[in-house]
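Chemist: sequence unknown, structure follows:
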C-alpha cells in the first residue's frame, strides 16, 4: 500500500473508531497444540462487534458514502449481512439483507436482531448477490459489497493497522480467504513488510483458481465453511492487490477446519466458526510449516457459531 493509501486507512480508522472494538492479541504456546519451533499469537477479531471483522468494512461503507433515503442492500453468507444490519441500526439507516440457504441460524439471528429486512433464498452466496443486485436496481438502495468495494477494503485495512501496532515484530500473518476483501486489505497495508499467507478450503479454492488463471474465475463453492469462505470468485479489486502482496496460498480440507475448530475450543477456549478457524488449520494440519524461530500471527476472524455444534 502506498503512503497515500495508508493515509486513507488511517482516515477510515478515525471515522469508524467510535463504532468498533480494538480486539486483543494473545500469545500462545505452540507446544499446547503439538507444534514447536516458532512463536505464535492469535489476533482475536472474532470479538469484534457482530462476531467478525466484517463490522469494519460495513461501518466504513456506511460512514464514507452518501446513503440514499432507500437505505442499503447487501448480499452475504451471513457475517457481512450481520455487520451491515448492525451498522445500519447504529446509524439509523434502512437495510435489506439477502442470504443463501446455507446461512447458519446463528447468523440469521444476528441479522434479525439488528432489525434489517432479511431475505433468504438460493443455495450459495452468488445467488444472494444476484437477488440483491435486482433489488438495488428496483429500490435505489445503495449496494454494500461484502469484499469488492473500495470502502470495504479500507475498513479491513484498519485491522492491519491495528495488528501492526500490537505485533510490530511478526514475520508472518495467516489469514482465511473467501472473497478476498480481508486478505487484500491486510496485504495492501503491509505491502510485503509482513509475509501474508492465505488459507482457503479445498472445497472453495477461489483465490487458488484465480492465481492460476491470472484473474478472478469461477471456482467450486462448497464445504463446511460455505457460509463464509465460498463466494464462487474473488473480487476484481481484490485480485491485483493479492497477486502483488500475498506470499502464498495454502489449501486445507474440511476435516482440517473442524479439527482446528475443536482444538481452538478445547485448548484455548476460543469459539470460532469454521471460517474463523481456517487460518489456524493451516498450521495444525502442517499445510503451512513455519521456519525455525518464525514469529507467526493467526487471525481468528469469526465466531458466529453455536458452540454445542462442535
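Modeler: Looks like it came in fine. Small disclaimer: the values here were computed from a predicted structure and weren't measured.
Chemist: Give the burial count for residue 167, as a bare number.
Modeler: Using other C-beta atoms under 10 Å, the number of residues around residue 167 comes to 17. The way it works is simple: take the backbone N, C-alpha and C, and place the C-beta from them, glycine included.
Chemist: ok, it - contacts?
Modeler: Residue 167 is in contact with 25, 41, 43, 297, counting by C-beta atoms under 8 Å, 6 or more residues apart in numbering.
Chemist: measure it to residue 300 for me?
Modeler: 14 Å (C-beta to C-beta, to the nearest Å).
Chemist: Can you work out which residues contact both of these two?
Modeler: Common contact partners of residue 167 and residue 300 (C-beta under 8 Å, 6+ apart): residue 43.
Chemist: Considering the contacts of residue 167, which possesses the most neighbours?
Modeler: Neighbours were tallied for each of the contacts of residue 167 (criterion: other C-beta under 10 Å), and the maximum of 26 neighbours falls on residue 43.
Chemist: Just say helix, strand or coil for residue 196.
Modeler: Reducing the assignment to helix, strand or coil with DSSP: H, G, I helix; E, B strand; the rest coil, the entry for residue 196 is strand.
Chemist: which residues does it bridge with?
Modeler: Under DSSP bridges, the beta-bridge partners of residue 196 are residue 173.
Chemist: what ranges do the helices span in this structure?
Modeler: When assigned using DSSP state H, the helices of the chain occupy the ranges 3-16, 54-64, 79-91, 105-113, 125-139, 150-166, 181-190, 206-213, 238-245, 254-268, 274-284.
Chemist: and which of the contacts of residue 167 is nearest residue 222?
Modeler: Of all the contacts of residue 167, residue 222 sits closest to residue 43, with 27.4 Å by C-beta to C-beta.
Chemist: correct me, but that closest one touches residue 300?
Modeler: Yes: counting by C-beta atoms under 8 Å, residue 43 touches residue 300, with 6.7 Å between them.
Chemist: neighbours of the nearest residue to residue 229 once chain neighbours are set aside, just the number please.
Modeler: In space, not counting the residues next to it along the chain, residue 229 is nearest to residue 178; the distance is 4.1 Å by C-beta to C-beta, 6 or more residues apart in numbering. The tally of other residues near residue 178 (other C-beta under 10 Å) stands at 31.
Chemist: got the helices of the chain as JSON lines, with mean neighbour count and mean pLDDT columns?
Modeler: As requested, the helices of the chain are arranged in JSON lines below (neighbours: other C-beta atoms under 10 Å; pLDDT from 0 to 100):
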{"stretch": "helix 3-16", "mean neighbour count": "16", "mean pLDDT": "90"}
{"stretch": "helix 54-64", "mean neighbour count": "28", "mean pLDDT": "97"}
{"stretch": "helix 79-91", "mean neighbour count": "27", "mean pLDDT": "95"}
{"stretch": "helix 105-113", "mean neighbour count": "18", "mean pLDDT": "90"}
{"stretch": "helix 125-139", "mean neighbour count": "18", "mean pLDDT": "92"}
{"stretch": "helix 150-166", "mean neighbour count": "23", "mean pLDDT": "96"}
{"stretch": "helix 181-190", "mean neighbour count": "29", "mean pLDDT": "95"}
{"stretch": "helix 206-213", "mean neighbour count": "20", "mean pLDDT": "96"}
{"stretch": "helix 238-245", "mean neighbour count": "20", "mean pLDDT": "95"}
{"stretch": "helix 254-268", "mean neighbour count": "19", "mean pLDDT": "96"}
{"stretch": "helix 274-284", "mean neighbour count": "30", "mean pLDDT": "97"}
